[in-house]
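In: Take a look and give me a structure for this.
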Amino acid sequence: MDKINVFVNVKIRTGEYEKSTKMVITDAPSEQDAFDYAMYCESHNPEDLEWDEYTVADMGWEFAYSGNGTAIIPDEDLLVLKKYFYPHTFNQEELNGSGNYLEYKGKYGHEKK
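Out: Okay, the predicted model is just below:
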């Protein structure tokens, strides 16, 4: 299976405050995997994340992450984006060790994006 590079928009909520950030995830097996990994990378306490169908909770719901879109990055555009965004290389082992990720993945699969 070919790996893809993905531009991901992550929405971060803490209390009444909400903001968005953008990330470049490289070498992901799918857009959904890149989406999940972006939320993992943004978190403060990844080993204790609470994954559910629409939201990822961090630090006992002090922070909540969700997404609002992805786009596959053509290889020729990746070099330009790397000038402006730090690329995070997808790591399945890290993601699998993140809170209840394996339970979430088994329950919801990769249909939620």
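In: where does the residue lying farthest from the centre of the chain land in three-state SS?
Out: When distances are taken from the C-alpha mean of the chain, E76 lies farthest, 22.4 Å away, according to C-alpha atoms, centre = their mean. On the three-state scheme (DSSP: H, G, I helix; E, B strand; the rest coil), E76 is labelled helix.
In: per-residue pLDDT, it?
Out: As predicted, E76 sits at a pLDDT of 93.
In: Count the neighbours of A71 for me.
Out: 13 (other C-beta atoms under 10 Å). Yep, even glycine has a C-beta here, placed from its N, CA and C like the rest.
In: partner residues bridging K11?
Out: On the basis of DSSP bridges, K11 is bridged to S20, S66.
In: quick one: the helices in the protein?
Out: Remark: helices of the chain, listed N- to C-terminal, are 31-42, 75-81, 92-96, 101-108; assignment by DSSP state H.
In: which helices and strands does the last one pack with?
Out: Just to be clear, that refers to helix 101-108. Packing partners of helix 101-108 (3 or more C-beta pairs under 8 Å, 6 or more residues apart in numbering; DSSP states H and E): strand 50-51.
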